[in-house]
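A.B. asks: here is a sequence with its predicted model. Questions after.
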Amino acid sequence: MTQTTGGRVNQKTRTRNAIVQAAAELSRTGREVSMSEVAKVALVSEATAYRYFPDLASLLREAIAGQLPSPEEALAPVADSVDPVVRVAAATEFLLRHVLARQGVVRAMIAATIVRPEQAHARPGMRFGLIDYALAPLAGTLGGRDPGALAQLKNDLAVVVAAEALFALIDLHGMAPEAAIASIVHTATTLTRAALA
């Protein structure tokens, strides 16, 4: 009896791990991610996938945990720079290229939090950490002189250094991805320069 119970537990663990692994693999492809697609890759039925995860968002949160780089890792190429404009440009470009490479999972997470805004806090992301780290050199200057101005700049950047901004330019405005990234980097650096002026 105990051996049978242990075997079932092990099988459930293997099934759950296969579903999480399939979602993690799909998230790295940039393709559309759906529960049915995850189930297909995991070699289980969609109903089985839903028995382990109540919705796609909860599965994706677990699947991409640990895949997001820290702000320090993301901005390593400009780590020696104290120029906030250079750092904001690098943060913006890094985030948007990451979003493009994994846009299937990003779009799925955005969609999930739009229909369930109470779960938005659980949406994994890098935006705010990247902005804070990029603007760290301003903490003693602009932040020391006018903390409200630094907070406002962070809020302003959060609007444009975003997957939603990228998708708006590509999907709604018809821009090519490279042009969209360049436009958002331009906007983010313009906001930063204006705050420093």
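C.D. replies: Sure, I can see it.
A.B. asks: what's downstream of the worst-scoring helix or strand of the chain on mean pLDDT, the next helix or strand?
C.D. replies: When the helices and strands of the chain are scored by mean pLDDT, DSSP states H and E, helix 142-145 comes last with a mean of 66. Per DSSP states H and E, the first helix or strand lying C-terminal to helix 142-145 is helix 147-160.
A.B. asks: what average pLDDT does that following helix get?
C.D. replies: Mean pLDDT, computed over helix 147-160, is 94.
A.B. asks: can you point out the buried residues in that helix?
C.D. replies: 150, 153-154, 156-157, 160 (16 or more other C-beta atoms under 10 Å). All C-beta atoms are positioned from the backbone trio N, CA, C, and that covers glycine.
A.B. asks: could you point out which element follows it?
C.D. replies: helix 163-167.
A.B. asks: now do the helix or strand just after that next one: distance to the chain's middle.
C.D. replies: Following helix 163-167 in sequence order, the next helix or strand is helix 177-196 (DSSP H and E). Centroid displacement of helix 177-196 relative to its chain, using C-alpha atoms, centre = their mean, to the nearest Å, is 19 Å.
A.B. asks: buried set for helix 177-196?
C.D. replies: Result for helix 177-196 [16+ other C-beta under 10 Å]: buried residues 180-181, 183-185, 187-189, 191-192, 195.
A.B. asks: export those residues to CSV and append columns for pLDDT.
C.D. replies: Conversion of the buried residues of helix 177-196 to CSV gives the following (pLDDT from 0 to 100):
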residue, pLDDT
180, 98
181, 98
183, 98
184, 98
185, 98
187, 98
188, 98
189, 98
191, 97
192, 96
195, 92
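A.B. asks: and the buried residues of helix 147-160 as JSON lines, adding distance to residue 19?
C.D. replies: As requested, the buried residues of helix 147-160 are exported to JSON lines (distance: C-beta to C-beta, whole Å):
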{"residue": "150", "distance to residue 19": "43"}
{"residue": "153", "distance to residue 19": "41"}
{"residue": "154", "distance to residue 19": "37"}
{"residue": "156", "distance to residue 19": "40"}
{"residue": "157", "distance to residue 19": "36"}
{"residue": "160", "distance to residue 19": "35"}
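A.B. asks: before we move on, back to that, between which two of the buried residues of helix 177-196 is the distance greatest?
C.D. replies: Spatially, the most separated pair among those is 180 and 195, at 23.1 Å (C-beta to C-beta).
A.B. asks: residue 41 against residue 24, yeah?
C.D. replies: No - applying C-beta atoms under 8 Å, one finds residue 41 not in contact with residue 24, separated by 10.0 Å.
A.B. asks: more neighbours: which of these two?
C.D. replies: residue 24 (19 against 16; other C-beta atoms under 10 Å).
A.B. asks: nearest spatial neighbour of that one, skipping sequence neighbours?
C.D. replies: Leaving aside its chain neighbours, residue 24 sits nearest to residue 63 (4.3 Å; criterion: C-beta to C-beta, 6 or more residues apart in numbering).
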